[in-house]
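S.K.: Sequence first, then the predicted structure:
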4 protein chains.
Amino acid sequence: MTLDLSSYMVRTDLAVELKEMAEKAEGGPIPGLVEDITEHDGIKITRLDVQSEEASNRIGRIKGHYVTIEVPGLRNQDTTLQEKVTRDFVKEFSAFLIKIGISSKNKVLIVGLGNWNVTPDSLGPLVVENSLVTRHYFELAPDQVSPGYREVSAIAPGVLGITGIESSEIVQSIVERTKPDLIIAIDALASKSLDRLNTTIQIADIGIHPGSGIGNKRRGLTKEILGVPCIGIGVPTVCYASTIVNHTFDLMRDHFNKEGGGNSSQTKQILGLLSELSENERLGLVKEVLSPLGHDVIVTPKEIDEFIEDIANIIASGLNAALHEAVNGDNVAAYTH
Amino acid sequence: MTLDLSSYMVRTDLAVELKEMAEKAEGGPIPGLVEDITEHDGIKITRLDVQSEEASNRIGRIKGHYVTIEVPGLRNQDTTLQEKVTRDFVKEFSAFLIKIGISSKNKVLIVGLGNWNVTPDSLGPLVVENSLVTRHYFELAPDQVSPGYREVSAIAPGVLGITGIESSEIVQSIVERTKPDLIIAIDALASKSLDRLNTTIQIADIGIHPGSGIGNKRRGLTKEILGVPCIGIGVPTVCYASTIVNHTFDLMRDHFNKEGGGNSSQTKQILGLLSELSENERLGLVKEVLSPLGHDVIVTPKEIDEFIEDIANIIASGLNAALHEAVNGDNVAAYTH
Amino acid sequence: MTLDLSSYMVRTDLAVELKEMAEKAEGGPIPGLVEDITEHDGIKITRLDVQSEEASNRIGRIKGHYVTIEVPGLRNQDTTLQEKVTRDFVKEFSAFLIKIGISSKNKVLIVGLGNWNVTPDSLGPLVVENSLVTRHYFELAPDQVSPGYREVSAIAPGVLGITGIESSEIVQSIVERTKPDLIIAIDALASKSLDRLNTTIQIADIGIHPGSGIGNKRRGLTKEILGVPCIGIGVPTVCYASTIVNHTFDLMRDHFNKEGGGNSSQTKQILGLLSELSENERLGLVKEVLSPLGHDVIVTPKEIDEFIEDIANIIASGLNAALHEAVNGDNVAAYTH
Amino acid sequence: MTLDLSSYMVRTDLAVELKEMAEKAEGGPIPGLVEDITEHDGIKITRLDVQSEEASNRIGRIKGHYVTIEVPGLRNQDTTLQEKVTRDFVKEFSAFLIKIGISSKNKVLIVGLGNWNVTPDSLGPLVVENSLVTRHYFELAPDQVSPGYREVSAIAPGVLGITGIESSEIVQSIVERTKPDLIIAIDALASKSLDRLNTTIQIADIGIHPGSGIGNKRRGLTKEILGVPCIGIGVPTVCYASTIVNHTFDLMRDHFNKEGGGNSSQTKQILGLLSELSENERLGLVKEVLSPLGHDVIVTPKEIDEFIEDIANIIASGLNAALHEAVNGDNVAAYTH
């Protein structure tokens, strides 16, 4: 039986989590999913290729290239580690530019999705504020722009509840007018696992899809819609309470299975039928109980104010260095606040 | 068997939740706990008296009077409801002043505990900013202070990680110097239930006790320490992930028990041994699984920025009206931002 | 000789100040400028019509209708006064809607110019945040929108230094896509007089012109550019240091002239040649001295954080009431933060 | 005739400006004022000793050592320059520690004066937030504190209008309790010159005196009051409008005198009697005109939000490195946000 995971109810925007779940459900690797993992200095980088339609269906994400940088230590506000992560981000992101065929002459539009007044949703606007934009110099006096800079513009379109306009519509109109060759869209995401909040950066060449991110877009930012390639960059900053609970069941089942030496009868004794339900079914049960009581709230770590600034800085510094040859390790901090 | 709940691991600062848990553990009402509940307009007020040492031991809270105002609708940012809650707060809080024997001549010091840079911990400082202070006028020219105003001062002492000094020590030194007759201490709290976050106000005549609040005070603010009575006002703004999970098990058990018509065998089938563990034991299990994985984070709703402002305004407006006869329903908004 | 004031160097975006200066320079009233002033409760409303090309040239502002609401008391954070000003704003703004011929069926786009990270330039984004937008409801299910609401959308396009794109270009692309019938553009302005900062609201049916506002737009928001009428709403929040100095000379000259009973020889003795220079010439002198020393900075009152929130609230509440029949004095506060 | 400058009305908290004015009034150097100036990389350091009572009277500041670091380029947000300034600050500040006789065993209390809600007055609280405090570790387990760290605590006492208590009283009570050996008090100041705003740091061994800073303390923080030495660190962030105007007259007089080759008759022709008045008398005149019109507001540069963060970071990083041997150029950024 092939489980159609596109209808999965677990709320996560991370490809690595969808893959984990799909493999668990299938009991093994998914054909058409190719993964390459490297680790150093407490930084784990997963490069995931969703190569076939089948793999795409199984994990509920369209075909494409997904890179995830996971750094549990980011929560400790260690500036040396932050600099290492920035360097890795630059390397991984630059590989995307090459893969897509973006040269140093190509124009870029950075789109910071989200709401600057809702701290866990302010990642996009924060990155926009700290990005080095140059389009106005190119427009005014293209001959006088120093070498080493690319034409970059940026926009924080706001959220539907504040503007009454889908951010996708706003971006589309600006793309039509300013004709960039590449869109980079930054968004705050949901994950299923609390330990990934504010410690994970996902880069994908598939843009932003409807329903993803905190703001629950009804329309996406994709090459199909915008007419130019779109790289999506996301950081999970929130979890649904029901997902936390459901994920914990999973962790407990794994824990007891391990303790029982692989014998699941002990697990079943402890966790009852819960241990035999699929993730999906169990989540349905959890939601059924939590939702009517007003318990299924979306949560974020209490230290979100600091976490979000740190990771927005990494992404903005990384983009500045990856997009402009003139920006490098020595001066990258000068362009962010 | 008498269960000693003072060692309870479930992290909540709310007396109503401790009572619920104790009653569940005991299977019935606790002697020495007297409760009076009123409800109107979506506002539930619980007045709880912990009258005996035994009751105190059972719920792990010292003897005293605890009033809890629960308003699920507060999350909808309805200004009319906010005004109603303010009026209720004034009424309940004024009853405390009378009970303690505070007259309009008595001097008050408002203490706003917490960290103004950590949104879910900024309740105390926000209330301080919006409180109407008058002590400086009384010091300079007591004869010229208009009638209807009481001598009020306020302080936001900061948190241990920022100051290196226990807030209790800071308050003690200020009390010794300024000699107030009453302390009102405001603090952000933890609850076990997500639906109480930012919708609940607790007032208690026992001050602030060690280990309570987000900042985990090592020393409290109590009459014993300060030499003057201390009323504690708290709002839960955070939950521990482990508590959320554990509380959800409870909700599920109740749910299945109800579905099964009181027959717990179905519940046991579904939830396994988990359904038979005490809340304490089960939490131990959850923590054992979550903690090593970095999952037991403290979380807050994603809309915390707006929620905290709304409820801080209710408390500050309420205190201004309850402390100064000259402040009333017509002008109360003029003193807060 | 007719002085061409369009080249005036004094930096102000207020029509009332340009008129004052022109009349002083001319020594009398300007033909084609029609003014109507009313005052009550410390609120002064000036309705100014620039009717002829000549008048337009003299004051350096295009033909149109300019309403200025001046309320010195706004700095005292008196909520009762704020409510009165809101009511006046609604009345004056509604008159604009009628004059332009905007019915309750017409669609409106609110544009909040400026930078949300620079407090004195954050007026526009603050108004956008507090505006009641409805376009998404009309798009999704037009039949289900309650009566009394108009289709309103809003955008804070950001500033050139952050986006690399002229805000006028961004607005134009959104207008082309969403086809509103009216634009309302809000912007922070410069005035020549410190006492008008954060105490004055200007409404004009001529939109936003190049070079106005804090951000120094290179392109405007006008009917010519956008194809639909544009009402500009502005509040002065900054002054140039050179303008402050120059304006003070003027105040001193008036002061001494008055003291001398109209005899200007005393004034000349005190102020020297300065008293005989035109405002323009004198400003040139002041700038010549200040600029090379880095003294000609743009300043704002130190209490700008609170002032800007208060006046943004007045404008947002006023717009909500003027645009939606269902919003009135009783519920207007419910839609702003 | 000896002019008593202690009654000087020009509002500045900077010793270098008071000296300039006194010398101008006297027409030459002041006996008992010893000055040492060094300059490099756009950083000007003035070390001023007020050695005699006479000198003290002339400049209206008590005897002591005043170091001023002036860096016009700080407004350009150049991170390399900021690091240079930090190094200079560490050097100058460390010299104060040696001079006062503070060893690495001595305990320090950092006091951040001012109001965190009023941006130009938030310097003190910002420095406190970014200071590395250790007292709680020394209190808990003194044996386990790593070598290279000193016992440091910090407090942001708030302002009189928010607390109703003089910050000096709050600090005094904390000093009595925690017994530090040295107080470091940080405060936002007023200067007479706009170009010094946010570009100047003053360090003085005389503490904070009544009436200084933005908040206009009625009582100071001095060795006399506190019983321990107090180093005051200040940054001018505001100017009075009347002072700006008056200072500009001065700049103009100097300008025309210079143009006229020292012949002041041309200057008199242009500036009239104004050019012959003392600074004090002229300011009186300016205030007489501005004040009744509500023009004598206190202003700050419009970019204050960014400026204040940058300079608070320099001071906090500098204090961390100067106070703890374990903090140095390589890790200093790790302790501030």
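M.R.: Structure received.
S.K.: Tell me if stretch A:306-318 is near chain C.
M.R.: No - Stretch A:306-318 is not in contact with chain C by Cβ under 8 Å from any Cβ of the partner chain; minimum separation 11.8 Å. Where C-beta positions appear, they are placed from N, C-alpha and C, glycine not excepted.
S.K.: Would you map out the domains in chain A?
M.R.: Domain ranges of chain A: A:11-239+A:302-335, A:243-293, per automatic domain parsing.
S.K.: Okay, helices next: where are they in the stretch 101-250 of chain A?
M.R.: A:123-129, A:135-140, A:160-163, A:167-178, A:223-226, A:241-259 (DSSP state H, counting those that start in this stretch).
S.K.: okay, those helices, which one's buried deepest?
M.R.: helix A:123-129 (a mean of 28; mean count of other Cβ atoms under 10 Å in any protein chain shown).
S.K.: which secondary structure elements does it contact?
M.R.: For helix A:123-129, the contact count by 3 or more Cβ pairs under 8 Å, 6 or more residues apart in numbering or on different chains; DSSP states H and E identifies strand A:108-112, strand A:182-190, strand A:230-240, helix A:304-323, helix C:160-163 as packing neighbours.
S.K.: For the stretch 201-337 of chain A, give the residue positioned nearest to chain B.
M.R.: At 3.0 Å from chain B, residue A:272 is the closest residue in the stretch 201-337 of chain A, using Cβ to the nearest Cβ.
S.K.: ok, now the stretch 1-150 of chain A?
M.R.: residue A:120 (4.8 Å).
S.K.: interface residues of the stretch 101-250 of chain A facing chain C?
M.R.: Residues of the stretch 101-250 of chain A lying near chain C by Cβ under 8 Å from any Cβ: A:116-117, A:128-129, A:133-136, A:152-158, A:160-166, A:169-170, A:172-174, A:176-178.
S.K.: and if we set it to 7 Å?
M.R.: Neighbours of chain C within the stretch 101-250 of chain A, by Cβ under 7 Å from any Cβ of the partner chain: A:116-117, A:128-129, A:133-136, A:152-156, A:158, A:160, A:162-165, A:169-170, A:173-174, A:176-178.
S.K.: residue contacts, the most centrally placed residue in chain A?
M.R.: When Cα atoms, centre = their mean is applied to chain A, the residue found nearest the centroid is residue A:234 (2.5 Å). Counting by Cβ atoms under 7 Å, 6 or more residues apart in numbering or on different chains, residue A:234 touches A:13, A:187, A:189, A:202.
S.K.: picking that back up, quick check, the residue of the stretch 1-150 of chain A closest to chain B in contact with residue A:237.
M.R.: Yes - counting by Cβ atoms under 7 Å, residue A:237 is a contact partner of residue A:120 at 4.1 Å.
S.K.: okay, and the common contacts of the two?
M.R.: The contact lists of residue A:120 and residue A:237 share A:188, A:300, A:304, A:308, where a contact means Cβ under 7 Å, 6+ apart.
S.K.: out of the residues you listed, which touch chain B?
M.R.: Within the shared contacts of residue A:120 and residue A:237, those near chain B by Cβ under 7 Å from any Cβ are residue A:300.
S.K.: Between which two of the shared contacts of residue A:120 and residue A:237 is the distance greatest?
M.R.: The most widely separated members of the shared contacts of residue A:120 and residue A:237 are A:188 and A:304, with 10.1 Å between them, by Cβ to Cβ.
S.K.: if you count what's nearby, which of the two comes out ahead?
M.R.: residue A:188 (30 against 26; other Cβ atoms under 10 Å in any protein chain shown).
S.K.: Please report how far that one lies from residue C:117.
M.R.: 18 Å (Cβ to Cβ, to the nearest Å).
S.K.: now do residue A:317
M.R.: In terms of Cβ to Cβ, residue A:317 sits 18 Å off from residue C:117.
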